[in-house]
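Novice: I need the structure of the sequence given here:
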Amino acid sequence: MKKFFYFFLALTAFILFDISITYAQTSNTALFIRAKQYSMDGKYEKAIETLKTILQSEKSMYIYDFLIENQLSDKKIDDALITARDAFKNFPKEAKYLFLEATIYKEYKMDFKKAYEVMQKCIKISATDEYLFHTAILAGIVKDYKMAENILDDLIKKNPENTQYYIIRADTYSQQKKTSKAIKDLEKAVSIDNNNTAKLMLAEIYLSQKKDDKAIAILEEVAKDNQNISTLVEQNIGKIYRDKGDFDKAIEVYERLAAKLYGSSKAVILMQLGDALNMAGRYEEAGKVFEEITTLMPDEITYFYIAGKFYEYTKNYAKAEELYKGALKLNPTYAQVLKRITVVYLLQDKTQDALKYINMVDELEQDVDYYLLKAECYSLEKNFKEVIKILELGLKENPTNTQILAMLASAYEEIGDKNSALNYIKKANELEPNNHILQNFLGFLYAELDMNLDEALILIEKALSQEPDNAAYLDSLGWVYYKKKDYKKAYKYITKAVEIMPEEKELQEHLEAVKKAMKK
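Specialist: Okay, the predicted model is just below:
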């Protein structure tokens, strides 16, 4: 009876043990299903917690794999590394965990040296073609070129039709400036399966060798055969033409691209087209292109501004005004646009319109240009007292600005205060002693005041050395000689000035004064 009792106890214990295993497995299955749902819902933290719970009772590669996947999705990169190492400890023959660790170092932490170290351990356990290939890539990145070449040489011997091996070896050669070997490998890759990556790499090498025509031929072939990447490739073709100065070809490429694109993609190409037109000196067309961008991106103030500047440059003031006003609808206080539209009105002698817009510039944006433009508005109306008042305010905030000093000198000269004009232009010349405009102005004022005539000659001759055909400078030099009573030289230089600018009244007056003095 006792013997039967012990047997019964042993049987019961075995049954209970079996039930506990079955229960644990059933429980883990339920937990895994729950973890899967958490992961699908993007609740990675809960999925991670659940999978860790499973690992406490069941060391499963599948659970490790799924845990690493969720940790990476949750951007817990260091935790994923720890899990990969723990998995390898539990499954030391599974090289995939070393591969996973290396991949995390490479892709997420950008630690290529560490990734390479781990991959070297990986291929000692399992030297599969995949692992060897990734080791070769890392070897190239960390500049262990010999190792990279050795691995790739062996892989190519085993599988001579794998284009990726040739491409990576070509990249390794290229980094070492072994260009001819790189070209040979890339040509082999192209011959195997017309590989586009190899073609693009070949084009890049040809560009570095200044063989633009070869590069363009390859790129055009890629663009023609592959609609998915043709836009990007054609952009590169356009850039090559532009960089080599063949703007007409670049324009042709960009126009072709723009014709088949829409929306923001088209706007990107139009910007490049506008840039190429600008570089080609086709400013009116560039303005039209940037104006077209404003219809594609009506909320982007920059394109209204750029288009306006092109039209302004080509003297299409009506269009420039229209576009600047379009920009101001988006931002009525945009100082740069307010100043540009002021310039447009000044160029048309519309001083009241110019004043309206320059007065709209916010106090915090009132820089040197603001004071100069506002002063110019009153200068056109011959209100030089107001000009002086504005510029002296500007000078308080910008005491070393030579433009303000020069314009102040000009305003004082206009009201007949030549001494004040002289003080301001001398100060400007001290700040910028090599500025030919200031040199000429100071030299001319010396002549007007009949003083320092030898110094005046030196100053104006320096100015003329920079701009020998400047009519104003020639006239100034002649006027100094007039003051020195050297009428022959005065006549020579002022006559030359009149030949360049025959319509200039002041030059005509100076020439008449010299002729009169010569007759006497």
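Novice: and the helix or strand hosting Ala375, C-alpha only, in CSV?
Specialist: Element membership for Ala375 (DSSP states H and E) is helix 368-380. Only the C-alpha atoms of helix 368-380 are listed here, as CSV (Å, rounded to 0.1, in the frame of the first residue of the first chain):
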residue,chain,number,x,y,z
VAL,A,368,21.8,103.2,-44.1
ASP,A,369,19.8,102.5,-47.3
TYR,A,370,16.7,103.9,-45.7
TYR,A,371,18.4,107.3,-45.0
LEU,A,372,20.0,107.4,-48.4
LEU,A,373,16.7,106.6,-50.3
LYS,A,374,14.7,109.1,-48.2
ALA,A,375,17.3,111.8,-48.8
GLU,A,376,17.3,111.0,-52.5
CYS,A,377,13.5,111.6,-52.6
TYR,A,378,14.0,115.2,-51.4
SER,A,379,17.1,115.6,-53.5
LEU,A,380,15.1,115.1,-56.6
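Novice: got the buried residues for it?
Specialist: By neighbour count on 16 or more other C-beta atoms under 10 Å, the buried set for helix 368-380 is 369-379. Any C-beta I mention is one placed from the backbone N, CA and C, and that applies to glycine too.
Novice: Could you list the residues in contact with it?
Specialist: The contact list for helix 368-380 (C-beta atoms under 8 Å, 6 or more residues apart in numbering) reads 335, 339, 342-343, 346, 349, 351, 354-355, 358-359, 361, 384, 386-387, 390-391, 393-394, 398, 401, 403-404, 407, 411.
Novice: Repeat that for stretch 87-97.
Specialist: Counting by C-beta under 8 Å, 6+ apart, 59, 61, 64-65, 68, 84-85, 98, 100-101, 122-123, 125-126, 128, 131 sit against stretch 87-97.
Novice: what do you get for stretch 488-495?
Specialist: 474-475, 477-479, 481-482, 507, 510-511, 514-515, 517-518.
Novice: Show me which of the buried residues of helix 368-380 is closest to Ser465.
Specialist: Leu372 (27.3 Å; C-beta to C-beta).
Novice: State the distance from the closest one to Gln366.
Specialist: 11 Å (C-beta to C-beta, to the nearest Å).
Novice: circling back: now restrict the contacts of stretch 488-495 to buried residues only.
Specialist: 474-475, 477-479, 481-482, 507, 510-511, 514.
Novice: from these, which two are the most distant?
Specialist: Farthest apart among the buried ones among the contacts of stretch 488-495 by C-beta to C-beta are Tyr481 and Leu507. That separation is 14.5 Å.
Novice: Burial check on Arg34, number of neighbours?
Specialist: Arg34 has 16 neighbouring residues, counting by other C-beta atoms under 10 Å.
Novice: hang on, I meant Ile125
Specialist: 17.
Novice: Not counting sequence-adjacent ones, nearest residue to it?
Specialist: Leaving aside its sequence neighbours, Ile125 sits nearest to Ala95 (C-beta to C-beta, 6 or more residues apart in numbering; 4.1 Å).
Novice: Give me the contacts around the helix or strand where Met119 lies.
Specialist: Using DSSP H and E, the element containing Met119 is helix 112-125. When contacts are defined by C-beta under 8 Å, 6+ apart, helix 112-125 is touched by residues 93, 95, 98-99, 101-103, 105-106, 131-132, 134-135, 138-139, 141-142, 144.
Novice: that older thread, just the buried ones among the contacts of stretch 488-495: which are in helices?
Specialist: Judged by DSSP state H, the buried ones among the contacts of stretch 488-495 include 474-475, 477-479, 481-482, 507, 510-511, 514 as members of helices.
Novice: okay if I get the residues you listed as a markdown table plus pLDDT and distance to Ile156?
Specialist: As requested, those are arranged in a markdown table below (pLDDT from 0 to 100; distance: C-beta to C-beta, whole Å):
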| residue | pLDDT | distance to Ile156 |
| --- | --- | --- |
| Leu474 | 96 | 75 |
| Asp475 | 95 | 79 |
| Leu477 | 95 | 77 |
| Gly478 | 95 | 81 |
| Trp479 | 95 | 83 |
| Tyr481 | 95 | 84 |
| Tyr482 | 94 | 87 |
| Leu507 | 93 | 81 |
| His510 | 95 | 85 |
| Leu511 | 93 | 85 |
| Val514 | 93 | 88 |
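Novice: rewinding a little: going C-terminal from the helix holding Met119, what's the next secondary structure element?
Specialist: Downstream of helix 112-125 (by DSSP H and E), the next one is helix 129-141.
Novice: Return the set of buried residues in the strand or helix carrying Ala250.
Specialist: Ala250 is located in helix 247-259, with elements delineated by DSSP H and E. Within helix 247-259, the residues that count as buried by 16+ other C-beta under 10 Å are 247, 249-255, 257-258.
Novice: And Ala102, how far from Gly140?
Specialist: Taken as C-beta to C-beta, the span from Ala102 to Gly140 is 15 Å.
Novice: right, I mislabeled it, should have said Met451
Specialist: 76 Å.
Novice: Point out where the chain drops to low pLDDT.
Specialist: By pLDDT under 70, the low-scoring segments of the chain are 1-26, 225-229, 520.
Novice: quick one, domains of it?
Specialist: Following automatic domain parsing, the chain resolves into domains at 26-126, 443-520.
Novice: Centre of the chain to the last one, how far?
Specialist: If I follow you right, that is domain 443-520. Distance of domain 443-520 from the chain centroid (C-alpha atoms, centre = their mean, to the nearest Å) equals 49 Å.
Novice: For the closest residue to Met271 other than its chain neighbours, give me its contacts.
Specialist: Once flanking residues are discounted, Met271 sits nearest to Ile293: 6.6 Å by C-beta to C-beta, 6+ apart. Ile293 makes contact with 267, 270-271, 274, 300, 303, 307 under the criterion C-beta under 8 Å, 6+ apart.
Novice: Out of the residues you listed, the closest to Leu202 would be?
Specialist: Met271 (28.6 Å).
Novice: Surely Arg34 touches Glu49?
Specialist: No. With contact defined as C-beta atoms under 8 Å, Arg34 does not reach Glu49; the gap is 10.2 Å.
Novice: higher neighbour count, Met451 and Gly140?
Specialist: With neighbours defined as other C-beta under 10 Å, Met451 and Gly140 compare such that Gly140 has more, 25 against 12.
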